[in-house]
Each structure stands twice: as C-alpha cells, then as structure tokens.
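**Q** Compute the structure for the input listed below.
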Amino acid sequence: MRRLSDGNIDIYIRASNLARMYYFQEFGADFDKDLLALRLTGDEAGVAQGIFRVIWAMCKAEDFYLKKSTPCFSQWIKEYGDLDLEQCIGDVFDEIEAGFNIVRTYGKGGSGKSNFLAQRTIAVALKLGMSMDELNELSTQALIDIMHEYVGEDKNAPRWASPEEVDAYF
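**A** Numbers count the residues shown, from 1 in each chain. Next up is the predicted model:
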C-alpha cells in the first residue's frame, strides 16, 4: 500500500492481482499490456489518462482491503483527476514494482520447488480455517496479502502446515 499525495489530494493505492482484475472489468483490457503500452506512446494526454486508469484500479484494490466502495472510473476521475501526476508518478511506479513482485511477501528465500508458493498458500489458508470454496473465491494476491498480515502479527504464533497435512486434506 502506498499513499499518493500532491498536497491537495490523497489517494491510497495497492498493486495486487485485484487491481489487475478491476482494471479488466472496468476497461476490458489487460492491465500489464496497457501499462507497457504507456511507454510506447508519445501522446501526453493519453499517457496521463492511462496512468489515471492504473491508479484507479490500484485505488479500488486498496479500498477492497479497507472495505470501502470505489466509484466507477468516470465518477472517480471527476474527484481525483486534478491530482498532479508529476509529483507522485515515482510513487505510482514504485508501488507497481514492489506490489507485483513476490519478494514483497516472502523475502529473498525460497525452497527452489516450483510448487512452493502454491503449497505455502494452501497450507496457511487451511491453518486459517478457510474452506476450499473460500479459497477458490479469492485471488491469489488477496490470499497472499491476508497471509502476510496474519503471519506478520506474531512470527511465533502460526505454524505452517506440513506437506503431509496439505496432502491429507486433499
């Protein structure tokens, strides 16, 4: 989560898979492709509009965690369209870089196994008491964020489910 501010307007954003989903739902386009395309265009107004679309999606993702509603883009831009992008563009791209990187949650370590993230995700979800239906309804990033907050409180409290426990569940 990151706060964008130009002195007059404050917006809180979160780069997560929820932002990608909200972007697709609102604009019918791929978040990552549109983000990369912003670098290729020379149209300043088009770039600004594209950045505001990205900010809106990340704002909506943050609002999900805060249990707040976010209006559709056309309504949202009326309220926040005066945000001075020059003052906060660095923070926008810092959040994008940090938020869509798995190191943000797990650090630099890892088991080297290709299923490490999936196994760890399922193990923690089971320890949290989630059903498989609940697990299926969450995006991967939402679940990772929930896990991160859960284990961030007290490193000694939770215990990871063993691979045997995960296998026994299925």
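**Q** pLDDT-wise, which helix or strand of the chain ranks last?
**A** Lowest by mean pLDDT, DSSP states H and E among the helices and strands of the chain is helix 103-106, with a mean of 43.
**Q** Break down this structure into its helices, ranges please.
**A** 17-27, 31-38, 44-66, 73-80, 85-99, 103-106, 116-127, 132-137, 140-153, 163-169 (DSSP state H).
**Q** May I see the buried residues of the fifth one?
**A** This means helix 85-99. Residues of helix 85-99 classed as buried: 88, 92, 95-96, 99 (neighbour count, 16 or more other CB atoms under 10 Å). (C-beta placed from N, C-alpha, C; glycine too.)
**Q** got it, and the third one?
**A** Going by neighbour count (16+ other CB under 10 Å), the buried part of helix 44-66 is 47-48, 50-65.
**Q** which residues touch the closest residue to V92 other than its chain neighbours?
**A** Nearest residue to V92, sequence neighbours excluded (CB to CB, 6 or more residues apart in numbering): I55, at 6.2 Å. When contacts are counted by CB atoms under 8 Å, 6 or more residues apart in numbering, I55 touches 4, 11, 13, 80, 83, 92.
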